[in-house]
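# Please work out how this folds:
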Amino acid sequence: MNPKTLSALAAVTSLAFASSALAQDAAAGKTSFNKCLACHAIGEGAKNKVGPELNGLDGRHSGTAEGYSYSDGNKNSGITWNKDTFLDYIKDPRAKIAGTKMIFPGIKNEKEAGDLWAYLASFKPDGAKK
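Sure, this is the predicted structure:
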């Protein structure tokens, strides 16, 4: 193999390893969800607690979990949950939605927040895994 081909192969391999290191890890997200368990439930049979159940969060409009009494700020936020919105929100929930009832201080670590989103996004609205 010539030196240019070897250099290109080394660069591609390095990028692959770097991107896999940054990949989201739903298993790690499940561990991070332990921080949320006091207020939220997810999965089959999940019920609203102090906070709403989080099944089907990806694509759900804020303030719409059936049977949960949301703050006006949350109901009127206009947010549709997706990865980018969640990652911005979870850094500092009270800064993102004024008047929210959520008192959680946030998750500042981007890797942990991404892993948590991967875990949350793995559930369908009925609580089954995707």
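# And the spatially most central residue of the chain, how far from Ala27?
Centre of the chain computed as the mean C-alpha position; nearest residue by C-alpha atoms, centre = their mean is Trp117, 2.0 Å away. Trp117 sits 13 Å away from Ala27, taking C-beta to C-beta, to the nearest Å as the criterion. C-beta coordinates here come from the backbone N, C-alpha and C atoms, glycine included.
# Repeat that for Pro52.
Counting by C-beta to C-beta, the gap from Pro52 to Ala27 is 24 Å.
# Who has more neighbours out of the two?
Ranked by neighbour count (other C-beta atoms under 10 Å), Pro52 and Ala27 place Pro52 first, with 25 against 9.
# need the contact list for the more buried one.
With contact taken as C-beta atoms under 8 Å, 6 or more residues apart in numbering, Pro52 is in contact with His40, Ala65, Tyr68, Tyr70.
# thinking the first one is in contact with Lys49, fair?
Yes. Applying C-beta atoms under 8 Å, one finds His40 in contact with Lys49, separated by 6.3 Å.
# Tell me which of these two has more neighbours.
His40 (21 against 14).
# Count the residues that sit near the residue nearest to that one when sequence neighbours are not counted.
Spatial nearest neighbour of His40, chain neighbours left out: Gly51 (4.6 Å); criterion: C-beta to C-beta, 6 or more residues apart in numbering. By other C-beta under 10 Å, the residues close to Gly51 number 19.
# With Glu110 instead?
Counted with other C-beta under 10 Å, Glu110 comes out at 12.
# Give me the pLDDT value at it.
For Glu110, the pLDDT comes out at 97.
# From Arg94, how far out is the spatially closest residue to it that is not a sequence neighbour?
Spatial nearest neighbour of Glu110, excluding adjacent residues (C-beta to C-beta, 6+ apart): Leu87 at 7.3 Å. Computed as C-beta to C-beta, the Leu87 to Arg94 distance reads 16 Å.
# for Ser32, what are its contacts?
Applying C-beta under 8 Å, 6+ apart, the residues near Ser32 are Ile107, Glu112, Asp115, Leu116, Tyr119.
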